[in-house]
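Visitor: All I have is the shape, not the residue letters:
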Ligand code: 5RP
């Protein structure tokens, strides 16, 4: 079984957490499968709040109403992928560059269901380069601060986020204290947000694996 089949399996399993109402929807190849499954129950939901233009387009293509978060209020459930998860369900996200809107929608949701293939579960976050969204004029300044905390930032050239900003992918971090590092990086002037999701991590991690679907809870 390849990674995409495992992602698809996790995406289908997440449907059981959708009870109706307005669903928060993340971004990425795993979420694309989830959107396709969500379309099969679109008559049971009021609509979705999207974390990216790409997900919005895919949902509209399926005829799923996409709503403004300001009008939607607090959401019952948010479904999104991840680049890495540790066993506390602190995450690295932002491989697709949608981290800021993803963090907003996750923060506005009562329950965060993370869907991924089994390779994403790790003991310590940081092998996947940590995405950090940055205001363009602050790129060099932020990069210097990230070097001071031990990282090797690489500018994701030719990429602009949905918010008009740039991404630095930070290599060589060993993130043993995700909450502290999330706060430390968010405190650098010019950072919009970091791809560490620890202050608001996932509540449930659904993994597609060779042995079938596995559900992981924090701790
Ligand atoms: C996008 C994300 C994605 O959830 C993350 O990159 C995982 O992507 P995929 O499902 O394609 O493996 O954070 O910003």
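Guide: Done, it's in. Not measured: the values here are computed from a predicted model. Numbering: from 1, shown residues only.

Visitor: Spell out which residues of this structure are next to the ligand.
Guide: With the criterion set to C-beta under 6 Å from any ligand atom, the chain comes near the ligand through 26-30, 80-83, 93-99, 102. Backbone N, C-alpha and C define where each C-beta goes, glycine included.

Visitor: got the residue ranges for the strands in this protein?
Guide: All strands of the chain, identified by DSSP state E, fall at 22-25, 47-50, 75-80, 84-85, 91-92, 109-117, 130-134, 152-155, 166-171, 191-194, 196-197, 204-209, 212-216.

Visitor: Which of the residues of the chain next to the ligand fall within helices?
Guide: Taking DSSP state H, the ones among the residues of the chain next to the ligand that sit in helices are 29-30, 99, 102.

Visitor: can you list the residues you listed in JSON lines and add pLDDT and neighbour count?
Guide: Compiled in JSON lines, those are given as follows (pLDDT from 0 to 100; neighbours: other C-beta atoms under 10 Å):
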{"residue": "29", "pLDDT": "98", "neighbour count": "15"}
{"residue": "30", "pLDDT": "98", "neighbour count": "28"}
{"residue": "99", "pLDDT": "98", "neighbour count": "30"}
{"residue": "102", "pLDDT": "98", "neighbour count": "31"}
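
Visitor: would you turn the residues you listed into JSON lines with distance to residue 193?
Guide: As requested, these are arranged in JSON lines below (distance: C-beta to C-beta, whole Å):
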{"residue": "29", "distance to residue 193": "22"}
{"residue": "30", "distance to residue 193": "21"}
{"residue": "99", "distance to residue 193": "6"}
{"residue": "102", "distance to residue 193": "9"}
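
Visitor: residue contacts, residue 185?
Guide: By C-beta atoms under 8 Å, 6 or more residues apart in numbering, the residues touching residue 185 are 132, 146, 149, 191, 194, 196.

Visitor: So how do I select the buried members of the residues you listed in ChimeraX?
Guide: Here is the ChimeraX selection string for the buried members of these, based on 16 or more other C-beta atoms under 10 Å:
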select :132,146,191,194,196
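
Visitor: and of the contacts of residue 185, the nearest to residue 7?
Guide: For the contacts of residue 185, the residue nearest residue 7 by C-beta to C-beta is residue 196; the value is 21.8 Å.

Visitor: pretty sure the closest one contacts residue 86?
Guide: No. Counting by C-beta atoms under 8 Å, residue 196 sits too far from residue 86 to count as a contact (10.4 Å).

Visitor: Need the residues touching each of those two.
Guide: Jointly contacting residue 196 and residue 86 under the rule C-beta under 8 Å, 6+ apart are 125, 178.
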